[in-house]
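Novice: below are the sequence and a predicted model; questions follow.
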Amino acid sequence: MARVKKLRQLVDALGTARAYRKLHGILDALELQLDDGNYRRHAVTRLCEAFLSTAELYDISEAAARRMEHAACALVTLVEDGR
């Protein structure tokens, strides 16, 4: 959950939640998937892919986009390792 929190902090730093509601929706889905520890790896991977694809729709700085990609990839690595 700490990894999702990191992604949420990065999105929150972009501006109002309403402006980035699609990203917040994907983050909500990630939290629901990971909440009880009974997650599906493929679902988490696809949600992270959706998050990054959706982030491309916004005018986000290259530095912020890199931080989001790093955080999303770290989340995928975490679940693939089964931690």
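Specialist: Now that the structure is in, tell me what you want to look at. Residues are numbered from 1 along each chain as shown.
Novice: and the strand or helix carrying Phe51, C-alpha only, in PDB?
Specialist: For Phe51, the host element (DSSP states H and E) is helix 41-55. Taking C-alpha atoms only, helix 41-55 is exported to PDB below (Å, rounded to 0.1, in the frame of the first residue of the first chain):
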ATOM      1  CA  ARG A  41      -0.600 -10.000 -10.200                       C
ATOM      2  CA  HIS A  42      -1.900  -9.600 -13.700                       C
ATOM      3  CA  ALA A  43      -4.600  -7.100 -12.500                       C
ATOM      4  CA  VAL A  44      -2.000  -5.000 -10.700                       C
ATOM      5  CA  THR A  45       0.300  -5.000 -13.700                       C
ATOM      6  CA  ARG A  46      -2.500  -4.000 -16.000                       C
ATOM      7  CA  LEU A  47      -3.700  -1.300 -13.700                       C
ATOM      8  CA  CYS A  48      -0.100   0.100 -13.500                       C
ATOM      9  CA  GLU A  49       0.000   0.000 -17.300                       C
ATOM     10  CA  ALA A  50      -3.300   1.800 -17.500                       C
ATOM     11  CA  PHE A  51      -2.100   4.400 -15.000                       C
ATOM     12  CA  LEU A  52       1.000   5.200 -17.100                       C
ATOM     13  CA  SER A  53      -1.000   5.300 -20.400                       C
ATOM     14  CA  THR A  54      -3.500   7.600 -18.800                       C
ATOM     15  CA  ALA A  55      -0.700   9.800 -17.400                       C
END
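Novice: all helices for this protein, in order.
Specialist: When assigned using DSSP state H, the helices of the chain occupy the ranges 2-12, 21-34, 41-55, 62-80.
Novice: re the thing from before, tell me which residues in the helix holding Phe51 are buried?
Specialist: 44, 47-48, 50-52, 55 (16 or more other Cβ atoms under 10 Å). All C-beta atoms are positioned from the backbone trio N, CA, C, and that covers glycine.
Novice: before we move on, the earlier item: reformat the helices of the chain as a markdown table; add mean pLDDT.
Specialist: Compiled in a markdown table, the helices of the chain are given as follows (pLDDT from 0 to 100):
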| stretch | mean pLDDT |
| --- | --- |
| helix 2-12 | 91 |
| helix 21-34 | 93 |
| helix 41-55 | 94 |
| helix 62-80 | 91 |
